[in-house]
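*Asks:* sharing a sequence plus its predicted fold:
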Amino acid sequence: MAHVELSLSESLDAADPVDGEPITNLDRWVSVAAVSEEPCLIIDSSAVILAMSPACGELFGLGDPTESVGRFLLGGVLRMVDFTAARTALTYAEADKIPPLLALSSGRLARGLMRVQCRHEAERMRTVDAIATPIWEGATTAGSLTFFSEI
């Protein structure tokens, strides 16, 4: 189960540039998620994977998580299937309701169960509890951060 802690500190100045570019909230979360020990991933507002923890890559049988960066979440990286015995792939309308995408579209915390077919193990399914939160840039949802816990 994901563990989240809250701490108060001096705010970082978003205008502080890195290589001439301002640091965004999304940039900060990407750097944290990429090295997290918890299974988590970050997608941008177009549902493109920006970061995936090594534990997330292992959980879903993806191997090196950096190979998934830059790819569309549902475009071959994760294959979402329904909870029936037929294990039918979710339609895009159904997939829009999975927590990482729902957090993007609603701008709110989203939680739910997901059934994922592991990429390198066609017969193996993982059922996970997913908790996603939007990542904001001002008044705009720039992405979402999702933590996974296998059931």
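*Replies:* Here it is on my side, so go on.
*Asks:* for stretch 54-72, give the mean pLDDT please.
*Replies:* For stretch 54-72, the mean pLDDT works out to 92.
*Asks:* mind listing residues that contact it?
*Replies:* Stretch 54-72 is contacted from outside by 34-41, 46-53, 77-78, 116, 118-121, 124, 126, 128, 148, 150, using CB atoms under 8 Å, 6 or more residues apart in numbering. C-beta coordinates here come from the backbone N, C-alpha and C atoms, glycine included.
*Asks:* biggest strand in this structure, by residue count?
*Replies:* Counting by DSSP state E, the longest strand found in the chain is strand 125-137.
*Asks:* which residues sit in contact with the residue most central in space within the chain?
*Replies:* Geometric centre of the chain, nearest residue: residue 41, 3.2 Å, by CA atoms, centre = their mean. Residue 41 makes contacts with 33, 49, 51-53, 56, 73, 100, 145-146, 148, as judged by CB under 8 Å, 6+ apart.
*Asks:* so which helix or strand takes in it?
*Replies:* Using DSSP states H and E, residue 41 sits in strand 40-44.
*Asks:* across the sheet, point out what pairs with residue 21.
*Replies:* residue 18 (DSSP bridges).
*Asks:* quick one: buried residues of the helix or strand hosting residue 112?
*Replies:* Assigned by DSSP H and E, residue 112 belongs to strand 110-117. Of all the residues in strand 110-117, those buried under the rule 16 or more other CB atoms under 10 Å are 110, 114-117.
*Asks:* and if you look at stretch 26-39?
*Replies:* Buried residues in stretch 26-39, counted by 16+ other CB under 10 Å: 26, 29-30, 33-34, 36, 38-39.
*Asks:* one more: stretch 83-91?
*Replies:* Across stretch 83-91, burial judged by 16+ other CB under 10 Å covers residue 90.
*Asks:* where in the chain is pLDDT low?
*Replies:* For the chain, applying pLDDT under 70 flags the ranges 1-19, 119-123.
*Asks:* now do the helices in it.
*Replies:* Listed in chain order, the helices of the chain (DSSP state H) span 25-33, 54-59, 92-95, 99-106.
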